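S.K.: output the structure for:
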Amino acid sequence: MAWPSLCSRRLTTTNSYALLMLVLLLQKAGKGFSKAETEPANTSVAALDQPRFSHDQLTVNISVQRGSSVHLHCKVTGLRDQSVSWYRRKGSEIHLITWGFQTYHNDDRFSLTYDHPQDWRLRIKYVQDRDEGTYECQVSTYPPLTRTIHLHVVVPAIQILDDRGEVLTEKFYNSGSTIELQCVVANVPTASSLQLAWYHGENRLNYDARRGGVSVKTELRGTLAKSWLRVGDAKTEDSGIYYCNVTELSATSVTIHVVAEKYPAAMQGAWSPTTDRGVPWLVTTVLALLWFSVCNSCRDR
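M.R.: The predicted structure is shown next:
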């Protein structure tokens, strides 16, 4: 009768082991499910806590006119204890410009302007040709976050034209006539940001000019700017150098001569009115000499 008791004891022991194994498996599976369920959420929260740029594009091209100022923007959210720095890349070389709020560039035209709460702006004043190149804003994460800006410096093309559209460096006008000049500025990023001004020597010419009879008209469209200058009833004192000045940084000039003679030699070419009157006199003299020579020959015969 001991066999059933022994068999029951063995079944009970086997069931206990099976139950224990089942519990362990369920615990392990439960931990796995819990981990699988919580990891994505934790990852999402961690991702939101990481620094990131608030820009649609991480690589951009910017054009700026020579002599003007430019701000290179670097907007970072979730920065926490990380640092923001600006570098300039020249081939394989990297030159540090700013780190945090400190500037390490030896050119005081470069400075950091922090716009609360997230814009670390690199400012470059009086942009020069040598400033053209690649600039990088970097966040000190691992790996680092980088925003790249390619800066292009544009040099305006400035010309002064006459009323016929011919490029001028010098022109003559009769006294009493109207001086008409046109200044054309091309190859600029945005013409609407320009300021054009006319000068006669050091005196600015506009509607309020003491000279009177002065009119200025300016058009700014797209990448082209034009300005027309008219000076009525020109006098000899209106002679001199006239400048078309662009944003007080670039300029071109033309030399204007206002003469009193109706037909000045410089305007008519090599022959002046006085020279023209001398030509008939010279011809008459030569013909007279020939006539006397012929007459003397006839008398000798």
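
S.K.: show me the shaky parts of the stretch 151-300 of the chain.
M.R.: 207-209, 248-249, 261-300 (pLDDT under 70).

S.K.: same thing but 80
M.R.: Within the stretch 151-300 of the chain, the segments meeting pLDDT under 80 span 187-194, 207-211, 247-250, 261-300.

S.K.: where do the strands of it begin and end?
M.R.: With DSSP state E, counting those that start in this stretch, the ranges of strands along the stretch 151-300 of the chain come out as 157-161, 170-174, 179-186, 196-200, 203-205, 214-221, 224-231, 240-246, 250-259.

S.K.: partner strands of the second one, with direction?
M.R.: This points to strand 170-174. For strand 170-174, the paired strands and their directions (DSSP bridges) are strand 250-259 (parallel).

S.K.: next, the buried residues of the partner strand.
M.R.: 250, 252-254, 256-259 (16 or more other C-beta atoms under 10 Å). To be clear about C-beta, it is placed using only N, CA and C from the backbone, and glycine gets the same treatment.

S.K.: what of stretch 75-88?
M.R.: Buried-residue list, stretch 75-88, by 16+ other C-beta under 10 Å: 75-76, 79, 84-88.

S.K.: looking at those residues, which are in strands?
M.R.: Cross-referencing those against strands under DSSP state E gives 76, 84-88.

S.K.: between those, which is closest to L161?
M.R.: Set against L161, the nearest of those by C-beta to C-beta is R88 (39.5 Å).

S.K.: W198 versus the closest one, what's the distance?
M.R.: 38 Å (C-beta to C-beta, to the nearest Å).

S.K.: sorry, back to before: which single one of the buried residues of strand 250-259 is nearest to A225?
M.R.: Comparing the buried residues of strand 250-259 against A225 with C-beta to C-beta places S250 closest, at 11.5 Å.

S.K.: quick one: contacts for that closest one?
M.R.: Contacts here follow C-beta atoms under 8 Å, 6 or more residues apart in numbering; on that basis S250 touches 66-67, 155-156, 158.

S.K.: what's next to stretch 173-182, contact-wise?
M.R.: 160-163, 165, 168, 198, 226-236, 238, 242, 244, 254, 256-262, 264, 267.

S.K.: from those, list the buried ones, please.
M.R.: 160-161, 168, 198, 226-231, 234, 238, 242, 244, 254, 256-259.

S.K.: so who does L224 touch?
M.R.: So L224 contacts 184-186, 188, 191 (C-beta under 8 Å, 6+ apart).

S.K.: show me which of these are buried.
M.R.: If we count by 16+ other C-beta under 10 Å, the contacts of L224 have these buried: 184-185, 188, 191.

S.K.: D115: which of these is nearest?
M.R.: Scanning those for proximity to D115, where the rule is C-beta to C-beta, the winner is V188, at 26.4 Å.

S.K.: looks like that closest one contacts K226 (just checking).
M.R.: No - the criterion here is C-beta atoms under 8 Å, and V188 misses it with K226 at 11.9 Å.

S.K.: any idea how far R147 is from S54?
M.R.: From R147 to S54 the distance is 10 Å (C-beta to C-beta).

S.K.: who's more crowded, the two?
M.R.: Relative neighbour count places R147 above the other of R147 and S54, with 23 against 12, counting by other C-beta atoms under 10 Å.

S.K.: out of the strands of the stretch 151-300 of the chain, which gets nearest to N106?
M.R.: Closest to N106 of these is strand 250-259 (C-beta to C-beta; 26.3 Å).

S.K.: now A260: closest residue in space, sequence neighbours ignored.
M.R.: S175 (5.2 Å; C-beta to C-beta, 6 or more residues apart in numbering).

S.K.: neighbours around that neighbour, how many?
M.R.: Other residues close to S175 by other C-beta under 10 Å number 16.

S.K.: lowest-confidence entry in the buried residues of stretch 75-88?
M.R.: The member of these with the lowest pLDDT is L79, and it reads 88.

S.K.: for that one, grab phi and psi.
M.R.: phi -70, psi -40 (degrees, to the nearest 10).

S.K.: return the distance of it relative to Y104.
M.R.: Distance from L79 to Y104, by C-beta to C-beta: 20 Å.

S.K.: so E136 makes contact with R89?
M.R.: Yes - assessed by C-beta under 8 Å, E136 is found in contact with R89 at 6.0 Å.
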